[in-house]
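>>> I'd like to go over a predicted model; first the sequence, then the structure.
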Amino acid sequence: MADEAAGRPWADLPRELADHMRPHLDEVADDMIQEIQSRVREYDRPGDGSYSGTLRLAVERVLHYFVDRVADSGHEPASVTDFFRAIGRGEAGEGRSLDAMQTAMRVGGMVAWRRIAEGASVLEVAPRTLGAVGEALMMFQDELAAAAAEGFAQAKAAVAGEMQRRRRRLLDLLFADPPAAPEAIADLAAAAHWPVPRTVAAVALGRQEGRQAAFPPDILADLTRRTPSLIVPDPDGPGRAKLIDRALSGTLAVVGPTVPVAEAARSVQWARKTLGLVQRGVIEADAGVIRSVEHMSTLILFQDEELITSLAALRLAPLSHLRASQQDRLAETLLAWLQSGRNANEVAMRLHVHPQTVRYRLRQLEELFGDQLLDPDLRFDLEIVLRARALLADRPGEQILPAAKEAVGDSGEVVNFRRS
(Lines give C-alpha, C1' and ligand atoms only; values in the text may rest on other atoms or scores of the structure.)
Protein backbone atom coordinates (compact mmCIF):
# COMPACT_ATOMS: atom_id res chain seq x y z
CA MET A 1 0.00 0.00 0.00
CA ALA A 2 2.83 2.39 0.85
CA ASP A 3 4.54 1.81 -2.50
CA GLU A 4 1.25 2.36 -4.30
CA ALA A 5 0.64 5.64 -2.42
CA ALA A 6 4.20 6.81 -3.14
CA GLY A 7 3.59 6.38 -6.91
CA ARG A 8 0.46 8.46 -6.92
CA PRO A 9 -0.72 10.74 -8.44
CA TRP A 10 1.71 10.06 -11.30
CA ALA A 11 0.43 6.50 -11.73
CA ASP A 12 -3.15 7.81 -12.13
CA LEU A 13 -2.27 9.92 -15.19
CA PRO A 14 -3.06 8.57 -18.67
CA ARG A 15 0.17 8.11 -20.64
CA GLU A 16 -1.32 9.63 -23.81
CA LEU A 17 -1.67 12.96 -21.98
CA ALA A 18 2.06 13.47 -22.45
CA ASP A 19 1.65 13.21 -26.24
CA HIS A 20 -0.87 16.06 -26.14
CA MET A 21 1.50 18.22 -24.05
CA ARG A 22 4.75 17.86 -25.99
CA PRO A 23 3.88 19.99 -29.07
CA HIS A 24 3.05 22.97 -26.82
CA LEU A 25 6.11 22.96 -24.54
CA ASP A 26 7.99 25.79 -26.30
CA GLU A 27 4.90 27.97 -26.25
CA VAL A 28 4.27 27.24 -22.56
CA ALA A 29 7.94 27.98 -21.77
CA ASP A 30 7.63 31.41 -23.46
CA ASP A 31 4.51 32.18 -21.41
CA MET A 32 6.15 31.09 -18.16
CA ILE A 33 9.31 33.14 -18.78
CA GLN A 34 7.33 36.22 -19.71
CA GLU A 35 5.12 35.93 -16.62
CA ILE A 36 8.08 35.29 -14.30
CA GLN A 37 10.02 38.27 -15.62
CA SER A 38 7.01 40.56 -15.34
CA ARG A 39 6.15 39.52 -11.77
CA VAL A 40 9.53 38.75 -10.21
CA ARG A 41 11.84 41.76 -10.43
CA GLU A 42 15.01 39.75 -9.76
CA TYR A 43 14.46 37.76 -12.97
CA ASP A 44 13.90 40.78 -15.20
CA ARG A 45 17.39 41.44 -16.60
CA PRO A 46 17.03 42.59 -20.20
CA GLY A 47 20.73 43.31 -20.64
CA ASP A 48 21.95 40.03 -19.17
CA GLY A 49 21.78 37.40 -21.89
CA SER A 50 23.46 34.70 -19.85
CA TYR A 51 20.97 35.09 -17.03
CA SER A 52 18.01 34.92 -19.44
CA GLY A 53 19.57 31.82 -20.99
CA THR A 54 19.83 30.18 -17.56
CA LEU A 55 16.19 31.01 -16.83
CA ARG A 56 15.06 29.46 -20.14
CA LEU A 57 17.18 26.37 -19.53
CA ALA A 58 15.61 25.90 -16.09
CA VAL A 59 12.05 26.36 -17.39
CA GLU A 60 12.56 23.98 -20.32
CA ARG A 61 14.15 21.33 -18.10
CA VAL A 62 11.22 21.51 -15.71
CA LEU A 63 8.61 21.23 -18.47
CA HIS A 64 10.30 18.37 -20.30
CA TYR A 65 10.87 16.44 -17.11
CA PHE A 66 7.24 16.91 -16.07
CA VAL A 67 5.97 15.60 -19.40
CA ASP A 68 8.45 12.71 -19.34
CA ARG A 69 7.21 11.71 -15.93
CA VAL A 70 3.58 11.89 -17.08
CA ALA A 71 4.58 9.49 -19.86
CA ASP A 72 6.46 7.25 -17.44
CA SER A 73 5.62 7.52 -13.73
CA GLY A 74 8.89 5.74 -12.88
CA HIS A 75 11.02 8.31 -14.71
CA GLU A 76 14.22 8.99 -12.75
CA PRO A 77 14.08 12.48 -11.14
CA ALA A 78 17.79 12.76 -10.29
CA SER A 79 18.80 15.00 -13.18
CA VAL A 80 16.24 17.74 -12.53
CA THR A 81 16.57 17.63 -8.74
CA ASP A 82 20.37 17.80 -9.06
CA PHE A 83 19.89 20.79 -11.33
CA PHE A 84 17.80 22.58 -8.69
CA ARG A 85 20.24 21.69 -5.94
CA ALA A 86 22.87 23.44 -8.04
CA ILE A 87 20.55 26.45 -8.40
CA GLY A 88 20.15 26.56 -4.61
CA ARG A 89 23.92 26.41 -4.14
CA GLY A 90 24.36 29.18 -6.69
CA GLU A 91 21.86 31.45 -4.93
CA ALA A 92 23.69 30.94 -1.64
CA GLY A 93 27.03 31.61 -3.31
CA GLU A 94 25.73 34.90 -4.69
CA GLY A 95 24.52 35.92 -1.24
CA ARG A 96 20.86 35.81 -2.22
CA SER A 97 17.94 34.11 -0.49
CA LEU A 98 15.62 31.58 -2.12
CA ASP A 99 12.63 33.95 -1.96
CA ALA A 100 12.82 35.10 -5.60
CA MET A 101 13.33 31.56 -6.91
CA GLN A 102 10.40 30.21 -4.89
CA THR A 103 8.19 33.03 -6.13
CA ALA A 104 9.25 32.29 -9.71
CA MET A 105 8.37 28.62 -9.21
CA ARG A 106 4.89 29.53 -7.97
CA VAL A 107 4.34 31.88 -10.91
CA GLY A 108 5.59 29.23 -13.36
CA GLY A 109 3.35 26.59 -11.77
CA MET A 110 0.35 28.91 -12.06
CA VAL A 111 1.01 29.44 -15.79
CA ALA A 112 1.47 25.69 -16.33
CA TRP A 113 -1.77 24.89 -14.53
CA ARG A 114 -3.65 27.53 -16.51
CA ARG A 115 -2.44 26.02 -19.81
CA ILE A 116 -3.23 22.48 -18.60
CA ALA A 117 -6.74 23.53 -17.60
CA GLU A 118 -7.29 25.17 -21.01
CA GLY A 119 -6.11 22.04 -22.78
CA ALA A 120 -8.23 19.80 -20.58
CA SER A 121 -11.42 21.59 -21.64
CA VAL A 122 -10.55 21.03 -25.29
CA LEU A 123 -9.62 17.37 -24.78
CA GLU A 124 -12.56 16.83 -22.43
CA VAL A 125 -10.30 15.39 -19.70
CA ALA A 126 -12.25 13.81 -16.84
CA PRO A 127 -12.31 15.87 -13.61
CA ARG A 128 -10.64 13.02 -11.69
CA THR A 129 -7.75 13.01 -14.18
CA LEU A 130 -7.48 16.79 -14.08
CA GLY A 131 -7.30 16.62 -10.28
CA ALA A 132 -4.49 14.09 -10.52
CA VAL A 133 -2.59 16.39 -12.91
CA GLY A 134 -2.95 19.30 -10.48
CA GLU A 135 -1.76 17.14 -7.58
CA ALA A 136 1.22 15.93 -9.61
CA LEU A 137 2.09 19.53 -10.51
CA MET A 138 2.04 20.64 -6.86
CA MET A 139 4.04 17.60 -5.79
CA PHE A 140 6.57 18.33 -8.52
CA GLN A 141 6.95 21.93 -7.34
CA ASP A 142 7.53 20.70 -3.79
CA GLU A 143 10.24 18.31 -4.98
CA LEU A 144 12.07 21.05 -6.84
CA ALA A 145 11.74 23.53 -3.97
CA ALA A 146 13.09 20.93 -1.54
CA ALA A 147 16.06 20.20 -3.82
CA ALA A 148 16.87 23.90 -4.13
CA ALA A 149 16.59 24.36 -0.35
CA GLU A 150 18.90 21.39 0.20
CA GLY A 151 21.53 22.82 -2.14
CA PHE A 152 21.15 26.23 -0.52
CA ALA A 153 21.64 24.78 2.97
CA GLN A 154 24.66 22.75 1.84
CA ALA A 155 26.32 25.83 0.38
CA LYS A 156 25.54 27.90 3.46
CA ALA A 157 26.98 25.22 5.73
CA ALA A 158 30.11 24.96 3.59
CA VAL A 159 30.58 28.74 3.64
CA ALA A 160 29.99 28.88 7.40
CA GLY A 161 32.44 26.03 7.96
CA GLU A 162 35.11 27.67 5.85
CA MET A 163 34.56 31.00 7.59
CA GLN A 164 34.88 29.31 10.97
CA ARG A 165 38.14 27.65 9.89
CA ARG A 166 39.50 31.02 8.75
CA ARG A 167 38.54 32.61 12.06
CA ARG A 168 40.26 29.86 14.00
CA ARG A 169 43.42 30.32 11.92
CA LEU A 170 43.14 34.06 12.59
CA LEU A 171 42.91 33.36 16.31
CA ASP A 172 46.07 31.21 16.04
CA LEU A 173 47.80 34.06 14.25
CA LEU A 174 46.77 36.64 16.85
CA PHE A 175 47.95 34.38 19.70
CA ALA A 176 51.30 33.66 18.03
CA ASP A 177 54.41 34.46 20.05
CA PRO A 178 56.41 36.18 18.64
CA PRO A 179 53.62 38.22 17.02
CA ALA A 180 52.72 37.63 13.38
CA ALA A 181 53.31 40.35 10.79
CA PRO A 182 50.53 42.97 10.65
CA GLU A 183 50.14 42.29 6.92
CA ALA A 184 49.46 38.58 7.55
CA ILE A 185 46.88 39.44 10.20
CA ALA A 186 45.20 41.98 7.90
CA ASP A 187 45.00 39.51 4.98
CA LEU A 188 43.52 36.69 7.01
CA ALA A 189 41.16 39.08 8.83
CA ALA A 190 39.83 40.27 5.46
CA ALA A 191 39.29 36.67 4.33
CA ALA A 192 37.48 35.94 7.62
CA HIS A 193 35.32 39.08 7.27
CA TRP A 194 36.68 40.43 10.58
CA PRO A 195 37.41 44.18 10.64
CA VAL A 196 40.74 44.66 12.42
CA PRO A 197 40.11 46.82 15.52
CA ARG A 198 42.55 49.14 17.26
CA THR A 199 42.53 47.16 20.53
CA VAL A 200 41.48 43.69 21.70
CA ALA A 201 41.17 41.64 24.85
CA ALA A 202 41.57 37.88 25.00
CA VAL A 203 39.21 35.72 27.03
CA ALA A 204 40.04 32.33 28.54
CA LEU A 205 37.08 30.09 29.31
CA GLY A 206 36.76 27.26 31.78
CA ARG A 207 35.13 24.17 30.31
CA GLN A 208 31.41 24.30 30.99
CA GLU A 209 28.81 21.57 30.93
CA GLY A 210 25.43 22.47 29.52
CA ARG A 211 24.53 25.22 27.11
CA GLN A 212 26.75 26.33 24.26
CA ALA A 213 27.44 30.03 24.61
CA ALA A 214 26.51 32.24 21.65
CA PHE A 215 28.77 35.20 20.92
CA PRO A 216 28.28 38.35 18.82
CA PRO A 217 29.68 38.00 15.28
CA ASP A 218 32.60 40.39 15.87
CA ILE A 219 34.01 38.14 18.62
CA LEU A 220 36.48 35.52 17.42
CA ALA A 221 35.88 32.23 19.23
CA ASP A 222 37.47 28.79 19.30
CA LEU A 223 35.84 26.55 21.88
CA THR A 224 37.70 23.44 20.69
CA ARG A 225 41.01 24.44 22.26
CA ARG A 226 42.31 22.88 25.45
CA THR A 227 41.58 26.29 26.97
CA PRO A 228 38.60 27.64 24.97
CA SER A 229 39.47 31.18 23.94
CA LEU A 230 37.99 34.35 22.50
CA ILE A 231 39.18 37.65 21.08
CA VAL A 232 36.96 40.63 21.88
CA PRO A 233 37.49 43.72 19.70
CA ASP A 234 37.39 47.22 21.23
CA PRO A 235 36.69 45.88 24.76
CA ASP A 236 36.73 49.33 26.37
CA GLY A 237 34.33 50.93 23.88
CA PRO A 238 30.91 52.29 24.95
CA GLY A 239 28.69 49.51 26.21
CA ARG A 240 31.25 46.81 25.44
CA ALA A 241 31.82 45.74 29.06
CA LYS A 242 28.11 45.04 29.51
CA LEU A 243 27.97 43.22 26.18
CA ILE A 244 30.90 41.00 27.24
CA ASP A 245 29.33 40.28 30.62
CA ARG A 246 26.03 39.40 28.98
CA ALA A 247 27.64 37.13 26.36
CA LEU A 248 29.67 35.29 29.02
CA SER A 249 26.92 35.04 31.62
CA GLY A 250 26.90 31.65 33.33
CA THR A 251 30.38 30.78 32.03
CA LEU A 252 33.65 30.69 33.95
CA ALA A 253 35.45 33.39 31.96
CA VAL A 254 38.55 35.51 32.50
CA VAL A 255 39.14 38.62 30.39
CA GLY A 256 42.77 39.56 29.81
CA PRO A 257 44.03 43.14 29.63
CA THR A 258 43.18 45.43 26.73
CA VAL A 259 46.12 45.55 24.32
CA PRO A 260 46.90 46.57 20.73
CA VAL A 261 46.02 43.86 18.22
CA ALA A 262 49.68 42.94 17.75
CA GLU A 263 49.92 42.11 21.48
CA ALA A 264 46.93 39.76 21.69
CA ALA A 265 49.26 36.93 22.77
CA ARG A 266 50.12 38.87 25.94
CA SER A 267 46.45 39.35 26.76
CA VAL A 268 45.64 35.65 26.39
CA GLN A 269 48.67 34.66 28.49
CA TRP A 270 47.41 36.85 31.33
CA ALA A 271 43.88 35.52 30.93
CA ARG A 272 45.05 31.89 31.03
CA LYS A 273 47.30 32.51 34.03
CA THR A 274 44.42 34.15 35.89
CA LEU A 275 42.06 31.32 34.95
CA GLY A 276 44.55 28.79 36.31
CA LEU A 277 44.67 30.64 39.64
CA VAL A 278 40.87 30.78 39.72
CA GLN A 279 40.63 27.05 39.11
CA ARG A 280 43.14 26.43 41.91
CA GLY A 281 41.09 28.63 44.25
CA VAL A 282 43.84 31.22 44.68
CA ILE A 283 41.56 33.84 43.12
CA GLU A 284 37.92 33.72 44.16
CA ALA A 285 35.48 33.12 41.31
CA ASP A 286 32.81 35.64 42.24
CA ALA A 287 29.60 35.91 40.24
CA GLY A 288 30.24 37.50 36.87
CA VAL A 289 33.21 37.79 34.56
CA ILE A 290 36.71 37.92 36.08
CA ARG A 291 39.14 40.54 34.76
CA SER A 292 42.88 39.98 34.98
CA VAL A 293 43.65 43.65 35.62
CA GLU A 294 41.76 43.45 38.92
CA HIS A 295 44.15 40.74 40.16
CA MET A 296 47.51 42.03 38.97
CA SER A 297 49.23 41.82 42.36
CA THR A 298 48.22 38.17 42.70
CA LEU A 299 49.45 37.48 39.16
CA ILE A 300 52.78 39.07 40.02
CA LEU A 301 53.05 36.96 43.18
CA PHE A 302 52.45 33.74 41.26
CA GLN A 303 54.36 34.63 38.10
CA ASP A 304 57.32 32.53 39.25
CA GLU A 305 56.23 30.16 41.99
CA GLU A 306 59.66 28.60 42.40
CA LEU A 307 61.09 32.04 43.08
CA ILE A 308 58.41 32.92 45.63
CA THR A 309 58.95 29.54 47.31
CA SER A 310 62.68 30.19 47.58
CA LEU A 311 62.06 33.65 48.99
CA ALA A 312 59.63 32.21 51.53
CA ALA A 313 62.15 29.60 52.62
CA LEU A 314 64.70 32.36 53.15
CA ARG A 315 62.59 35.02 54.85
CA LEU A 316 60.37 32.75 56.95
CA ALA A 317 63.15 30.50 58.20
CA PRO A 318 62.75 31.84 61.78
CA LEU A 319 59.34 30.11 61.92
CA SER A 320 60.50 26.74 60.66
CA HIS A 321 61.17 25.18 64.08
CA LEU A 322 57.64 25.92 65.36
CA ARG A 323 54.58 23.71 65.33
CA ALA A 324 52.21 24.21 62.38
CA SER A 325 49.55 25.88 64.55
CA GLN A 326 52.14 28.32 65.95
CA GLN A 327 53.40 29.09 62.46
CA ASP A 328 49.88 29.87 61.31
CA ARG A 329 49.11 32.22 64.20
CA LEU A 330 52.38 34.11 63.98
CA ALA A 331 52.34 34.33 60.18
CA GLU A 332 48.78 35.69 60.26
CA THR A 333 49.72 38.23 62.95
CA LEU A 334 52.88 39.34 61.15
CA LEU A 335 51.01 39.89 57.88
CA ALA A 336 48.28 41.90 59.61
CA TRP A 337 50.95 43.97 61.41
CA LEU A 338 52.70 44.76 58.11
CA GLN A 339 49.42 45.60 56.38
CA SER A 340 48.19 47.87 59.16
CA GLY A 341 51.25 50.08 59.41
CA ARG A 342 52.57 48.15 62.43
CA ASN A 343 49.67 49.26 64.63
CA ALA A 344 48.88 46.63 67.28
CA ASN A 345 45.34 47.87 67.97
CA GLU A 346 44.43 47.69 64.27
CA VAL A 347 45.94 44.19 64.09
CA ALA A 348 43.67 43.16 66.95
CA MET A 349 40.64 44.50 65.10
CA ARG A 350 41.66 42.73 61.91
CA LEU A 351 42.18 39.39 63.64
CA HIS A 352 39.33 39.76 66.14
CA VAL A 353 41.59 39.04 69.11
CA HIS A 354 42.45 40.99 72.26
CA PRO A 355 45.19 43.66 71.83
CA GLN A 356 47.16 42.00 74.64
CA THR A 357 47.21 38.77 72.65
CA VAL A 358 48.56 40.70 69.65
CA ARG A 359 51.31 42.31 71.76
CA TYR A 360 52.32 38.89 73.09
CA ARG A 361 52.59 37.51 69.54
CA LEU A 362 54.51 40.58 68.37
CA ARG A 363 57.06 40.06 71.16
CA GLN A 364 57.47 36.49 69.93
CA LEU A 365 58.00 37.75 66.38
CA GLU A 366 60.60 40.29 67.57
CA GLU A 367 62.47 37.49 69.31
CA LEU A 368 62.32 35.31 66.18
CA PHE A 369 63.10 37.91 63.51
CA GLY A 370 65.13 40.44 65.49
CA ASP A 371 66.38 43.44 63.54
CA GLN A 372 64.87 42.08 60.30
CA LEU A 373 61.59 43.72 61.25
CA LEU A 374 63.33 47.11 61.27
CA ASP A 375 64.59 46.79 57.70
CA PRO A 376 61.99 48.15 55.19
CA ASP A 377 63.33 45.96 52.38
CA LEU A 378 63.04 42.81 54.49
CA ARG A 379 59.58 43.85 55.65
CA PHE A 380 58.60 44.17 51.98
CA ASP A 381 59.89 40.66 51.27
CA LEU A 382 58.02 39.32 54.29
CA GLU A 383 54.75 40.87 53.17
CA ILE A 384 55.16 39.34 49.69
CA VAL A 385 55.68 35.78 50.94
CA LEU A 386 53.06 36.09 53.68
CA ARG A 387 50.46 37.31 51.17
CA ALA A 388 51.22 34.34 48.94
CA ARG A 389 51.00 32.03 51.95
CA ALA A 390 47.63 33.50 52.95
CA LEU A 391 46.23 33.01 49.44
CA LEU A 392 47.05 29.31 49.71
CA ALA A 393 46.09 28.90 53.36
CA ASP A 394 42.98 26.85 52.54
CA ARG A 395 44.47 24.85 49.66
CA PRO A 396 45.25 21.37 50.99
CA GLY A 397 48.21 19.75 49.26
CA GLU A 398 49.58 22.96 47.69
CA GLN A 399 53.39 22.86 47.71
CA ILE A 400 54.18 26.42 46.75
CA LEU A 401 55.47 27.61 50.13
CA PRO A 402 57.16 24.79 52.05
CA ALA A 403 58.99 25.44 55.29
CA ALA A 404 62.66 26.30 55.11
CA LYS A 405 63.29 23.04 56.93
CA GLU A 406 61.48 20.41 58.92
CA ALA A 407 61.94 20.33 62.66
CA VAL A 408 60.80 18.33 65.65
CA GLY A 409 58.29 20.17 67.80
CA ASP A 410 57.83 20.04 71.53
CA SER A 411 55.68 16.93 71.18
CA GLY A 412 58.29 15.15 69.08
CA GLU A 413 56.26 15.45 65.84
CA VAL A 414 57.77 16.59 62.54
CA VAL A 415 56.37 20.06 61.71
CA ASN A 416 56.32 21.94 58.43
CA PHE A 417 55.64 25.49 57.32
CA ARG A 418 53.01 24.65 54.68
CA ARG A 419 49.47 23.62 55.54
CA SER A 420 48.55 20.09 54.54
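Nice, thanks for sending it over.
>>> just the strands in this protein please.
Assigned by DSSP state E, the chain shows strands spanning 199-205, 220-222, 229-233, 253-255, 259-260, 290-291, 407-408, 414-415.
>>> Mean confidence (pLDDT) on the second one, please.
So that's strand 220-222. Strand 220-222 carries an average pLDDT of 91.
>>> packing partners for that strand?
Contacts defined by 3 or more C-beta pairs under 8 Å, 6 or more residues apart in numbering; DSSP states H and E place strand 220-222 against helix 127-174, strand 229-233. C-betas here are computed from N, CA, C, even on glycine.
>>> Give me whichever of these is most buried.
Among the helices and strands packed on strand 220-222, the stretch with the highest mean neighbour count (mean count of other C-beta atoms under 10 Å) is strand 229-233, at a mean of 24.
>>> Mind listing the strands that one pairs with, and their directions?
Applying DSSP bridges to the sheet, strand 229-233 is found paired with strand 199-205 (antiparallel), strand 220-222 (antiparallel).
>>> who's in contact with the last one?
Counting by C-beta atoms under 8 Å, 6 or more residues apart in numbering, strand 220-222 makes contact with 167, 168, 170, 171, 174, 194, 215, 228, 229, 230, 231, all of which sit outside it.
>>> rerun that using 10 Å as the cut-off
With C-beta atoms under 10 Å, 6 or more residues apart in numbering as the test, strand 220-222 has contacts from 164, 167-172, 174-175, 189, 192, 194, 200, 202-203, 205, 213-215, 228-233, 247, 264.
>>> any idea how the chain splits into domains?
Annotated domains of the chain cover 2-159, 182-301, 305-415 [automatic domain parsing].
>>> Please enumerate the helices of the stretch 301-420 of the chain.
Ranges of helices in the stretch 301-420 of the chain, per DSSP state H, counting those that start in this stretch, are 305-315, 324-339, 344-351, 355-369, 376-391.
>>> Now tabulate those in TSV and tack on mean pLDDT and distance to residue 184.
Shown next, in TSV, are the helices of the stretch 301-420 of the chain (pLDDT from 0 to 100; distance: least, C-beta to C-beta, whole Å):
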stretch	mean pLDDT	distance to residue 184
helix 305-315	90	35
helix 324-339	92	48
helix 344-351	91	54
helix 355-369	94	56
helix 376-391	92	40
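>>> if you compare the ones you listed, which one is most tucked away?
helix 324-339 (a mean of 19).
>>> Tell me the spatial nearest neighbour of residue 339, not counting adjacent residues.
Nearest residue to residue 339, sequence neighbours excluded (C-beta to C-beta, 6 or more residues apart in numbering): residue 383, at 7.1 Å.
>>> isn't the one you found right next to residue 340, touching?
No. Under the criterion of C-beta atoms under 10 Å, residue 383 makes no contact with residue 340, lying 11.3 Å away.
>>> to the chain's geometric centre, what's the distance from stretch 87-94?
26 Å (C-alpha atoms, centre = their mean, to the nearest Å).
>>> for the stretch 151-300 of the chain, which spans come out with low pLDDT?
Along the stretch 151-300 of the chain, segments meeting pLDDT under 70 span 207-213, 287.
>>> Give me the pLDDT value at residue 397.
For residue 397, pLDDT reads 52.
>>> ok, now which ones touch the closest residue in space to residue 312 that isn't next to it in sequence?
Using C-beta to C-beta, 6+ apart and skipping the chain neighbours, the partner closest in space to residue 312 is residue 385 (4.0 Å). Contacts for residue 385 were tallied using C-beta under 10 Å, 6+ apart; they are 301, 308-316, 331, 335, 401.
>>> what about 8 Å?
308, 311, 312, 315, 316, 401.
>>> again, but for residue 66
112, 136, 137, 140.
>>> For those residues, work out which two are farthest apart.
Spanning the widest gap among the contacts of residue 66 are 112 and 136, at 10.8 Å by C-beta to C-beta.
>>> Give me the buried positions along stretch 85-96.
Of the residues in stretch 85-96, 85, 87, 88, 89, 90, 91, 92 count as buried by neighbour count, 16 or more other C-beta atoms under 10 Å.
>>> rewinding a little: between the strands of the chain, which gets nearest to residue 354?
strand 414-415 (26.1 Å).
>>> excluding its backbone neighbours, what's nearest residue 79?
Nearest one to residue 79, counting by C-beta to C-beta, 6+ apart, is residue 65 at 7.3 Å.
>>> Pull up the gap between that neighbour and residue 82, please.
11 Å (C-beta to C-beta, to the nearest Å).
>>> Between these two, tell me which one has more neighbours.
Neighbour tally, residue 65 and residue 82, criterion other C-beta atoms under 10 Å: the higher count belongs to residue 65, 19 against 12.
>>> The spatially most central residue of the chain bridge partners, please.
Centroid check for the chain by C-alpha atoms, centre = their mean gives residue 221 as the closest residue, at 4.2 Å. Taking DSSP bridges as the rule, residue 221 bridges to residue 230.
>>> What does residue 177 show for phi and psi?
Note on residue 177: its backbone torsions stand at phi -140, psi 110 [degrees, to the nearest 10].
>>> Can you give me the neighbour number for the closest residue in space to it that isn't next to it in sequence?
With sequence-adjacent residues excluded and distances taken as C-beta to C-beta, 6+ apart, residue 177 is closest to residue 265, at 4.4 Å. Neighbours of residue 265 under the rule other C-beta under 10 Å: 19.
>>> where does the stretch 1-150 of the chain dip in pLDDT?
1-8, 46-51, 77, 122-123.
>>> rewinding a little: got TSV for the contacts of residue 66, with distance to residue 279 too?
Putting the contacts of residue 66 into TSV (distance: C-beta to C-beta, whole Å) gives the following:
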residue	distance to residue 279
112	66
136	64
137	63
140	60
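>>> quick one: contacts for the residue nearest to residue 84 when sequence neighbours are not counted?
Closest residue in space to residue 84, ignoring its immediate chain neighbours: residue 147 at 4.0 Å, by C-beta to C-beta, 6+ apart. By C-beta under 8 Å, 6+ apart, the residues touching residue 147 are 80, 81, 82, 84, 85, 88.
>>> Once you drop chain neighbours, what's closest to the third one?
It stands for residue 82. That would be residue 147: by C-beta to C-beta, 6+ apart, it lies 7.5 Å from residue 82.
>>> Look up how far residue 119 lies from the nearest residue to residue 63 once chain neighbours are set aside.
Once flanking residues are discounted, residue 63 sits nearest to residue 25: 5.0 Å by C-beta to C-beta, 6+ apart. Using C-beta to C-beta, residue 25 is found at 12 Å from residue 119.
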